[in-house]
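Asks: using only what follows, build the 3D model:
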Amino acid sequence: MLDIKFVRENPDIVKQNIRNKFQDGKLPLVDEVLELDKRNREIKQEVETLRANRNKMSKKIGGLMKQGKKEEAEEVKRQVASFADRTAELTEEEKKVEERIKTIMMTIPNIIDPSVPIGKDDSENVEVERFGEPVVPDFEVPYHTDIMEKFDGIDLDSARRVAGNGFYYLMGDIARLHSAVISYARDFMINRGFTYCVPPFMIRSDVVTGVMSFAEMDAMMYKIEGEDLYLIGTSEHSMIGKFIDTIIPEEKLPYTLTSYSPCFRKEKGAHGLEERGVYRIHQFEKQEMIVVCKPEESKMWFNKLWQNTVDLFRSLDIPVRTLECCSGDLADLKVKSIDVEAWSPRQKKYFEVGSCSNLGDAQARRLKIRVVGEGGKYFAHTLNNTVVAPPRMLIAFLENNLNADGSVNIPTALQPYMGGQTVIRVK
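Replies: As a prediction, the model looks like this:
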């Protein structure tokens with residue numbers, strides 16, 4: 001969410017940013033919020049004047065009564081009452097105006113970083129760098145669920161009967177591999193200096209609206225019926241929410257946290273062939289990383305965060321690339337975002353396995369996450385990035401470590417988490 005003062009002083013910048021995100025339908029909101037802001041300031045000024053006059057006139061009543069000027073005192077009382085009525089009327093209008101201002105300000109997108117490429121959607125994202133050499137083996141790589149089924153490692157049919165489409169049972173070596181990846185990712189981030197955390201898996205509505213846009217909320221979040229609680233779509237939500245309405249001493253920054261959680265998502269909309277199986281599902285587990293820092297350090301932390309994910313995947317012998325998200329692919333709160341994509345030998349292309357985002361002070365402004373230092377108070381910057389999100393990550397892992405006989409190699413880094421196994425074989 002932008003500062004209303006910034007919008008007031010830079011309406012053309014705000015409008016151009018909306019155009020850059022191809023959200024021209026929101027352009028009238030800028031003029032509307034400026035008019036509302038003007039009216040809000042007028043109301044506050046009038047209320048302040050009315051209260052000052054009421055206090056002044058109230059003091060006058062006592063003097064008139066002492067002088068025996070009862071009729072004059074009664075007239076002043078009527079004026080004071082009229083001031084009170086007008087103040088109440090303005091206060092009610094002020095409440096409505098401020099509610100509308102807040103709604104609009106939570107709809108106007110954050111100002112994107114100048115380095116972000118301009119484009120309409122993810123088809124115009126820009127490749128930045130590749131890490132590792134993509135390999136296409138000389139044997140056919142089966143679809144990921146077919147690989148898992150050969151190990152008796154997945155049961156989608158039972159999951160459909162129990163919970164419907166978008167759910168799964170993982171079994172045996174595949175389930176163990178899933179847990180091993182999560183455990184390895186946890187220790188990988190701890191070794192990089194991040195504090196491990198297991199957060200709440202449900203959050204209140206004020207946290208939800210603080211960490212994401214209304215459009216994201218509608219597309220992603222499951223609400224608990226009859227309660228002010230939502231299932232988290234990623235642990236970033238509750239991890240950033242941890243700091244809601246706090247004032248952080250500057251010397252305590254940065255906070256660098258890595259968290260485990262199950263994640264729950266509606267995943268609205270139809271998806272293509274490559275999003276069957278366990279690529280896009282309603283329930284999964286993830287290791288996440290978040291940073292709360294000073295504004296001048298957020299760019300540095302952004303680069304560190306996506307590099308962590310690249311390094312983790314490379315430690316498991318999986319080639320990856322980074323992709324700069326264009327303006328039209330950025331969620332409204334994001335300043336800049338980079339996706340990490342893993343190589344798929346079967347598809348002979350890369351696919352998304354993680355996303356790193358700098359949100360500037362947008363989440364902090366909504367959640368009132370403030371920092372106090374020598375220069376006074378200011379809003380923190382927040383960042384988040386996926387460490388690893390199996391079972392999607394398992395797709396990349398299985399395809400890149402598959403052998404011609406159907407067995408799967410276990411990279412050295414993961415072997416301690418698999419009981420020392422160097423390979424898993426079809427039984």
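
Asks: name the nearest residue to Pro11, sequence neighbours excluded.
Replies: Closest residue to Pro11 in three dimensions, ignoring its sequence neighbours and counting by C-beta to C-beta, 6 or more residues apart in numbering: Val30, at 5.6 Å. The C-beta positions use only the backbone N, C-alpha and C, and glycine is treated the same way.

Asks: then Lys336?
Replies: Nearest residue to Lys336 in three dimensions, chain neighbours excluded: Asp113, at 4.2 Å (C-beta to C-beta, 6+ apart).

Asks: does the residue nearest to Pro11 lie in a helix or a strand, and which?
Replies: Assigned by DSSP states H and E, Val30 falls within helix 27-66.

Asks: show me which residues of that helix are buried.
Replies: 29-30, 33-34, 36-37, 40, 43, 47, 50, 54, 60-61, 64 (16 or more other C-beta atoms under 10 Å).

Asks: do the same with stretch 149-167
Replies: Glu149, Lys150, Phe151, Gly153, Ile154, Asp155, Leu156, Ala159, Gly166, Phe167.

Asks: swap in stretch 186-193?
Replies: Those would be Arg186, Phe188, Met189, Arg192, for stretch 186-193 by 16+ other C-beta under 10 Å.

Asks: can you pull the contacts of the closest residue in space to the last one that isn't next to it in sequence?
Replies: This points to Arg192. Spatial nearest neighbour of Arg192, chain neighbours left out: Asn308 (6.2 Å); criterion: C-beta to C-beta, 6+ apart. Counting by C-beta atoms under 8 Å, 6 or more residues apart in numbering, Asn308 makes contact with Phe188, Met189, Arg192, Met289, Asn385, Val387.

Asks: tabulate the buried residues of stretch 186-193 in JSON lines, adding columns for pLDDT.
Replies: Below are those laid out as JSON lines (pLDDT from 0 to 100):
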{"residue": "Arg186", "pLDDT": "98"}
{"residue": "Phe188", "pLDDT": "98"}
{"residue": "Met189", "pLDDT": "98"}
{"residue": "Arg192", "pLDDT": "98"}
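
Asks: which of these lies closest to Asp245?
Replies: Using C-beta to C-beta, Met189 comes nearest to Asp245 of the buried residues of stretch 186-193, at 27.0 Å.

Asks: elements contacting the helix or strand containing the closest one?
Replies: Taking DSSP H and E as the criterion, Met189 maps to helix 172-190. For helix 172-190, the packing partners by 3 or more C-beta pairs under 8 Å, 6 or more residues apart in numbering; DSSP states H and E come out as strand 195-197, strand 255-264, strand 283-293, helix 298-315, strand 381-388, helix 392-400.

Asks: any idea which of those is most buried?
Replies: Highest mean neighbour count of the helices and strands packed on helix 172-190: strand 381-388, a mean of 27 (counted as mean count of other C-beta atoms under 10 Å).

Asks: so how far is it off the chain centroid?
Replies: Here the centre of strand 381-388 is set off from its chain's centre by 9 Å, with C-alpha atoms, centre = their mean, to the nearest Å.

Asks: in its sheet, which strands sit next to it, and in what direction?
Replies: strand 283-293 (antiparallel), strand 349-358 (antiparallel) (DSSP bridges).

Asks: looking at these, spot the one closest to Arg370.
Replies: Closest of these to Arg370 is strand 283-293, at 11.0 Å (criterion: C-beta to C-beta).

Asks: tell me if Glu140 really is in a strand.
Replies: No: counting by DSSP: H, G, I helix; E, B strand; the rest coil, Glu140 is not found in a strand; it is coil.

Asks: would you put the C-alpha positions of stretch 48-55 in PDB?
Replies: Extracted as PDB, the C-alpha positions of stretch 48-55 are listed here (Å, rounded to 0.1, in the frame of the first residue of the first chain):
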ATOM      1  CA  GLU A  48     -10.900  21.200  14.500                       C
ATOM      2  CA  THR A  49     -12.300  24.700  14.100                       C
ATOM      3  CA  LEU A  50     -15.700  23.600  15.400                       C
ATOM      4  CA  ARG A  51     -14.200  22.000  18.500                       C
ATOM      5  CA  ALA A  52     -12.100  25.100  19.200                       C
ATOM      6  CA  ASN A  53     -15.100  27.400  18.800                       C
ATOM      7  CA  ARG A  54     -17.200  25.100  21.000                       C
ATOM      8  CA  ASN A  55     -14.600  25.100  23.800                       C
END
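
Asks: which strands and helices lie in contact with the helix or strand of the chain with the lowest mean pLDDT?
Replies: Within the chain, confidence by mean pLDDT, DSSP states H and E is lowest for helix 214-220 among all helices and strands, at a mean of 85. Contacts defined by 3+ C-beta pairs under 8 Å, 6+ apart place helix 214-220 against no helix or strand at all.

Asks: residues touching it, excluding its own?
Replies: Outside helix 214-220, the residues within contact range by C-beta under 8 Å, 6+ apart are 106-107, 208-209, 212, 233, 265-269, 331-332.

Asks: chain center to it, what's the gap?
Replies: How far helix 214-220 lies from its chain's middle: 11 Å, per C-alpha atoms, centre = their mean.

Asks: before we move on, what about stretch 55-75?
Replies: Relative to its chain's centre, stretch 55-75 lies at 59 Å (C-alpha atoms, centre = their mean).

Asks: give me the contact list for it.
Replies: Val76, Lys77, Gln79, Val80, Phe83.

Asks: now do it, average pLDDT.
Replies: In this model, stretch 55-75 has a mean pLDDT of 73.

Asks: next one: stretch 368-385
Replies: The average pLDDT for stretch 368-385 rounds to 96.

Asks: give me the distance between the two termini of that stretch.
Replies: Between the opening and closing residues of stretch 368-385 lies a distance of 21 Å (C-alpha to C-alpha, to the nearest Å).

Asks: which ones among the contacts of helix 214-220 map onto strands?
Replies: Among these, no member is found in strands (DSSP state E).

Asks: minimum pLDDT in those, which residue is that?
Replies: Lowest pLDDT of those: Gly269, 55.

Asks: residue contacts, Tyr260?
Replies: Shown in contact with Tyr260 (C-beta under 8 Å, 6+ apart): Ile182, Arg186, Tyr196, Cys197, Val198, Ser235, Glu285, Lys286, Gln287, Glu288.

Asks: give me that answer again for 10 Å
Replies: The contact partners of Tyr260, by C-beta atoms under 10 Å, 6 or more residues apart in numbering, come to 182-183, 185-186, 189, 196-199, 235, 285-288, 387.

Asks: hmm, Cys356 and Gln307 touching each other?
Replies: Yes: counting by C-beta atoms under 10 Å, Gln307 sits close enough to Cys356 to count as a contact (9.0 Å).

Asks: need the residues touching each of these two.
Replies: Counting by C-beta under 10 Å, 6+ apart, the residues touching both Gln307 and Cys356 are Thr322, Ile338, Val340, Asn385.
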